[in-house]
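**Q** What follows is a predicted protein model with its sequence.
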Amino acid sequence: MSGQPAPSSPRLVTSLTNPLVKAVRALHQRKARDETGQFVAEGLKFVIEAIELERFPEILLYGPEAASHPLLERARAATRKAGGQVIEVTRDILAKVSRRDNPQAVIGVFRQVFTPLADLDPASATGWVALHRVRDPGNLGTVVRTADAAGCGAVILVGECCDPYSVEAVRATMGSIFALPIVRTDEADFAAWRARWPGSVVGTLLSATVSHAEASYPRPTLVLLGNEQQGLTPEMAALCDVNVKIPMRGRADSLNLSVAAGIMIYAVTS
């Protein structure tokens, strides 16, 4: 049609009030993410990792400083082929969308993916992770990254957890959000699923008497951790074959959740 850009030409948006820009910016809010099923991932590295795993942007925004990057054309072509929008924007728009003074030059909007609990295959990995009512998105994202690094089968979110697709959580995953199955479930369904689990379930408790270094972990092993303030509830601890503690040798009486998760993940997968 006359006046329309060629299919290979990116659309150019310069207005901060553009409806699409406002919609992408709104994805910082959980309500918008829940309503659209979308989320934001920042940086060309994130976008390329997603594409390599066949997760394609529905919207690809990029600024002028990224225009000549050799990987950008790959990202643009993959986005278009998948039916997504490719849009060139100003640095001011990138800063508004990312809510950062020093924004990434490329931002992708992706579809959220949650794996049903029933679809997990326990035989596909030796280590698995479940988090109960985790509240901190940075902790959640770091656990996802660590679980991916250790070759775990999935991260299972039990009960009212923070959103794994929040901008903060996604940033902390460093791209692993695309590589690892993420499951959401409630306590009752998790307990029923756990009853059929063929391996062992290990929980972490400050009151436990067994050291994490002394326990045995028949595989596949599911590591279950509670939230940052309360740890595992009695009901969750009762689902475990063994509850262990990580010894505190200094003045600190506990570890950050993601650090404890990392220790346990490598304990059961090494």
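**A** Everything's here; your move.

**Q** hmm, who's touching stretch 218-233?
**A** 122-123, 125-136, 139, 153, 194, 197-206, 236, 239-240, 243, 256-257, 260-261, 264-265, 268-269 (Cβ atoms under 8 Å, 6 or more residues apart in numbering). (C-beta placed from N, C-alpha, C; glycine too.)

**Q** and if we set it to 7 Å?
**A** For stretch 218-233, contacts defined as Cβ atoms under 7 Å, 6 or more residues apart in numbering pick out 122, 125-136, 139, 197-206, 236, 239-240, 257, 260-261, 264-265, 268.

**Q** Just the buried residues of these.
**A** 122, 125-134, 136, 139, 197, 199-205, 236, 239-240, 257, 260-261, 264-265, 268 (16 or more other Cβ atoms under 10 Å).

**Q** These in helices, which ones?
**A** Under the assignment DSSP state H, the buried ones among the contacts of stretch 218-233 contribute 139, 236, 257, 260-261, 264-265, 268 to helices.

**Q** what about the strands in this protein?
**A** Listed in chain order, the strands of the chain (DSSP state E) span 11-13, 38-42, 59-62, 85-89, 106-111, 127-132, 155-158, 182-185, 200-204, 210-211, 221-225, 242-245.

**Q** ranking these by mean pLDDT, which is last?
**A** Averaged per stretch, pLDDT over those is lowest on strand 11-13, reaching a mean of 91.

**Q** Pull up the pairing partners for it, direction included.
**A** Sheet pairing for strand 11-13, assigned by DSSP bridges, gives strand 85-89 (parallel).

**Q** how's this structure carved up into domains?
**A** Domain assignment for the chain by automatic domain parsing gives 11-111, 117-269.

**Q** what's the neighbour count on residue 256?
**A** By other Cβ atoms under 10 Å, the residues close to residue 256 number 14.

**Q** repeat for residue 149
**A** Neighbour tally, residue 149, other Cβ under 10 Å: 16.

**Q** Over to the one 4 residues further on?
**A** Number of residues near residue 153 (other Cβ under 10 Å) recorded here: 21.

**Q** Residue 128 is in contact with that one, correct?
**A** Yes: Residue 153 is within contact range of residue 128, at 4.8 Å (criterion: Cβ atoms under 7 Å).

**Q** Buried residues of the helix or strand of the chain with the lowest mean pLDDT, list them for me.
**A** Least confident helix or strand, the chain: strand 11-13 with a mean of 91, by mean pLDDT, DSSP states H and E. Neighbour-count burial for strand 11-13, with 16+ other Cβ under 10 Å as criterion, is recorded at residue 13.

**Q** Please apply the same query to stretch 157-173.
**A** 157-159, 161-167, 169-173.

**Q** Just want the most central residue of the protein.
**A** For the chain, the residue nearest the mean C-alpha position is residue 177 (3.7 Å; Cα atoms, centre = their mean).

**Q** Any figure for the gap between it and residue 235?
**A** Distance, residue 177 to residue 235, using Cβ to Cβ, to the nearest Å: 29 Å.

**Q** Likewise for residue 216?
**A** Noted for residue 216: a distance of 24 Å to residue 235, by Cβ to Cβ.

**Q** what does residue 48 give?
**A** 42 Å.

**Q** Tell me which of these two has more neighbours.
**A** Counted by other Cβ under 10 Å, residue 48 and residue 235 do not tie: residue 48 has more neighbours, with 18 against 10.

**Q** If anything else comes up later, I'll come back, but that's it for now.
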